[in-house]
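> requesting a structural model of the entry that follows:
(chains A, B and C, ligands or ions: 2)
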Amino acid sequence: MMQALQDSLVATAQGLPVTLAIWLAAVALGMAGGFLVGALRFFAPWPLALPLAMAVEAVRGTPFLVQCFLLYFGGPFIGIDLAPVTAGLLALSLYGAAYFSEVFRAGFLAVPPGQLEVARMLGLSRPQAVLRIMLPVMALGVLPSLANLCVILIKETAVLSIITVPELTFRVQGVGTSTFAFAETLLVLALVYWALSELTAWGARTAERRIARALAA
Amino acid sequence: MSTILQVRGLQRRVGATEILRGIDLDVTAGEVIGVIGPSGSGKSSLLRCIAGLDDIAGGSVQVEGRTTRPGDGAIGMVFQQFNLWPHLSARENVALALRLVRKMPAAAAAEKAEAALAQVGLAALAARKPAALSGGQQQRVAIARTLAMEPRVLLFDEPTAALDPELTTEVLDVIRNLAASGTTMLVVSHEMGFVAGLAHRVVFLDHGQVVQTGSPREIFSEAAEPRIRSFLQTYLSRVAWVQG
Amino acid sequence: MMAATWATIWISALGIAIGFSLGVPIAVASARGKTWAAIYISFFRGVPLLVQLLLAYYALPFLGIDLPAIVAAVGTVGLCCAAYMGEILRGGFALVPKGGVEAARLLGLSPQQILLRIQLPIAVQAMRPAIINEAILIVKASSLISVVGILELTRSAQALASSTFEPLPAYALCGAIYLVINVALSMLARGKSMGRPA
Ligand SMILES: Nc1ncnc2c1ncn2[C@@H]1O[C@H](COP(=O)(O)OP(=O)(O)OP(=O)(O)O)[C@@H](O)[C@H]1O
Ligand SMILES: [Mg+2]
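Ligands and ions are numbered 1, 2, ... in the order given. A predicted model of the protein is given here:
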């Protein structure tokens, strides 16, 4: 039993950096992509906005696991032959982008139109008004949702173990399979994720307060 | 005549603030008491303590010699904000407690609810949800809901204060009819004309104390107490200003 | 794949039903600041559902609790859903006007009657979009129980993919079915709320 615990801690040490790296990269890519999609859906004419809306709905309406399978197992048949880590990162980023885009779009919609009009009347150009007025107002509103999504994404990384990405769940489960000490190893795994989620949520709350204060100042 | 509601030395405190400082009140069966006083004088608190909704720090409230508990059916209360249940139709609002508390069969409860709604002139709107009713109609449903449980004493806390002026009459008429039919009630209202015409006795509250109790004439025309005079003057000048 | 679709639907429905039923007491306890409710919510929302499923399927037998795979899977989905429903309903309870509860108390309704007949319906009405959203999340999350070998939509797509050597159409079809279920769910929510007078 001690051996299994020790092994799962080693596996945690090996898998955790992979989980964190994929998560951070997916958050960054997803947030950037999501902002772009959200902004296009808000500002662009419908021939561009409508297909984007449908793509977002398709991603949000299907399980992440199925998306992983589609990309990892289906991809090679249309010339997209990716290693597990690359496929996993791409899938998670796309998944994140769809959800992030909805948050940003809701943020754009929540800015009272009057605020933009006032800025325009005061002589700001449209890009200036968007950059100086709309984005800061929006940022405050979307912070909690963004933080929430970050926690959701960290949990989704576990699904990547199914397409053999050597992250936390994959490694620790491997120890379980080889030692048959499922209870101990899976318990360690659950505790690590639990701590990670709480830590992320706590960090997000702190960041949220800081940013809110900086924007208000 | 027999005392139906007896309030003795009623005190309410929130933290260090004394909200009610020893209220005594006896109400006989069929009596209508008007409760008036400046804003913050403790009128709502008095009714809520009598109903058992607010905790009391001292004293007692008894209906027919028994200490009351909320829900024992002794006291009914009609609130400023109606407090109807938005997910239920008018009929269901009235019938729910009949079914759950009085254990009446659904059909009998619905029938009794219809009768109570008819009493407040709303038989035709029984199927509507509160959101599809005007404020005055909502308040009448709330009155019907309370009436259907046949409480010994009815409390009204500014029943028309949340209504547009043109909707107050329909609610005041219902209360007048109830008073005429011998219902025992305490009415808090800023409609002074209404209180003067309705109440057998008027209680003037200030700073959580009864300043004076008397007939409407004694309070509204003859009171020597400066606090009452100044309250009525402010009130009258406001009315004159609005009407003039 | 038709049968597997039904499996996904009833497994999700059961999970949502369990989640909702347990979500009510959890919401009440969490609104009262009970520590166990906070820990429950934090655990089931903080640990990936996949790991929860693995725990229920592989680890519970070592503690002497040997459940049939389907019970472990649906139970885990339900317990996890309850944490989210608990949070949603707690938010809904906070929106119930205090006056409505006071009126009910005065009319003699018991605390339990007030909870189930007054607070819960009002909270559900107020939180309908969030509840439907949670239901959609559960339909999607149910795909994970394919991992513990239960034949539902995703598992049947896997089988189809490996037997036909054509994963692309298999998973695309599978995804499309999930999409149809979820679009139907969200339309149901919209249709219902429009059918009622405001
Ligand atoms: N829960 C509470 N906590 C602290 N103070 C309270 C509380 N409830 C009432 N008070 C205070 O007690 C006093 C009496 O309040 P109450 O609502 O009974 O007055 P009122 O006569 O009904 O006034 P109004 O005419 O404005 O309705 C007020 O000063 C109020 O601020
Ligand atoms: Mg008041």
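
> can you tell me how far the residue of chain C positioned farthest from its centre is from residue B:129?
Distance to the chain centre peaks in chain C at residue C:106, reaching 34.8 Å (criterion: CA atoms, centre = their mean). Relative to residue B:129, residue C:106 is positioned 22 Å away (criterion: CB to CB, to the nearest Å). Using the backbone N, CA and C atoms, a C-beta is placed for each residue, glycine as well.

> do the same with residue A:120
Relative to residue B:129, residue A:120 is positioned 43 Å away (CB to CB).

> which of those two has more neighbours?
Under the criterion of other CB atoms under 10 Å in any protein chain shown, the comparison of residue A:120 against residue B:129 puts residue B:129 first, with 18 against 14.

> surely that one touches residue B:89?
Yes - Residue B:129 lies in contact with residue B:89 (CB atoms under 8 Å); the separation is 5.7 Å.

> quick one, helices of chain B?
Using DSSP state H, the helices found in chain B span residues B:43-51, B:90-100, B:106-119, B:135-148, B:165-180, B:192-198, B:216-220, B:226-243.

> could you dump the ones you listed to a markdown table with mean pLDDT?
Formatted as a markdown table, the helices of chain B follow (pLDDT from 0 to 100):
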| stretch | mean pLDDT |
| --- | --- |
| helix B:43-51 | 95 |
| helix B:90-100 | 95 |
| helix B:106-119 | 95 |
| helix B:135-148 | 94 |
| helix B:165-180 | 91 |
| helix B:192-198 | 90 |
| helix B:216-220 | 89 |
| helix B:226-243 | 74 |
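
> will you turn these into a markdown table that also has distance to residue A:187 and mean neighbour count?
Listed next are these as a markdown table, based on distance: least, CB to CB, whole Å; neighbours: other CB atoms under 10 Å in any protein chain shown:
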| stretch | distance to residue A:187 | mean neighbour count |
| --- | --- | --- |
| helix B:43-51 | 52 | 24 |
| helix B:90-100 | 46 | 24 |
| helix B:106-119 | 52 | 18 |
| helix B:135-148 | 54 | 25 |
| helix B:165-180 | 64 | 17 |
| helix B:192-198 | 70 | 17 |
| helix B:216-220 | 74 | 18 |
| helix B:226-243 | 70 | 12 |
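
> what's in contact with stretch B:187-202?
The contact list for stretch B:187-202, computed with CB atoms under 8 Å, 6 or more residues apart in numbering or on different chains, reads B:31-36, B:43-44, B:46-47, B:156-161, B:168, B:172, B:175-176, B:179, B:213-216, B:218-220, B:232, B:235, B:239.

> hmm, it touching ligand 1?
No - Stretch B:187-202 lies apart from ligand 1 when judged by CB under 6 Å from any ligand atom; the minimum separation is 6.7 Å.

> show the end-to-end separation of that stretch, please.
9 Å (CA to CA, to the nearest Å).

> chain center to it, what's the gap?
Counting by CA atoms, centre = their mean, to the nearest Å, stretch B:187-202 is centred 11 Å from the centre of its parent chain.

> sec struct for the residue in chain A that ligand 1 sits nearest to, please.
Ligand 1 sits closest to residue A:209 of chain A, with a gap of 29.8 Å, by CB to the nearest ligand atom. Put simply, residue A:209 is helix when judged by DSSP: H, G, I helix; E, B strand; the rest coil.

> how many neighbours does it have?
Using other CB under 10 Å, residue A:209 is surrounded by 11 other residues.

> mind checking how far it is from residue A:110?
Separation of residue A:209 from residue A:110 (CB to CB) stands at 20 Å.

> also residue C:42?
Using CB to CB, residue C:42 is found at 29 Å from residue A:110.

> which residues touch the residue nearest the centre of chain B?
Residue closest to the average C-alpha location in chain B (CA atoms, centre = their mean): residue B:156, at 1.0 Å. Applying CB under 8 Å, 6+ apart to residue B:156 gives the contacts B:77-78, B:175, B:185-189.

> separation between it and residue A:95?
For residue B:156, the distance to residue A:95 equals 58 Å [CB to CB].

> check residue C:95 too.
Note on residue C:95: its distance to residue A:95, by CB to CB, is 31 Å.

> do the same with residue B:16
Relative to residue A:95, residue B:16 is positioned 56 Å away (CB to CB).

> ok, now residue C:46?
Applying CB to CB to residue C:46 and residue A:95 gives a distance of 19 Å.

> residue A:191 now?
Distance of residue A:191 to residue A:95, given as CB to CB: 25 Å.

> what do you get for residue A:57?
Look at residue A:57 and residue A:95: by CB to CB, they are 13 Å apart.

> who's more crowded, the two?
residue A:95 (23 against 16).

> per-residue pLDDT, that one?
Model confidence at residue A:95, expressed as pLDDT, equals 97.

> spatially nearest residue to it, not counting backbone neighbours?
Counting by CB to CB, 6 or more residues apart in numbering or on different chains, residue A:95 lies nearest to residue A:64, which is 5.4 Å off, once chain neighbours are set aside.

> for the one you found, grab the count of nearby residues.
22.

> equivalent analysis for the one 10 residues further on, please.
Each residue near residue A:74 was counted by other CB under 10 Å, and the total is 18.

> verify the stated contact: it with residue C:165.
No - between residue A:74 and residue C:165 there is no contact under CB under 8 Å: 11.5 Å.

> correct me, but residue C:74 touches residue C:13?
No - the pair residue C:74 and residue C:13 does not pass the contact test of CB under 8 Å, sitting 9.9 Å apart.
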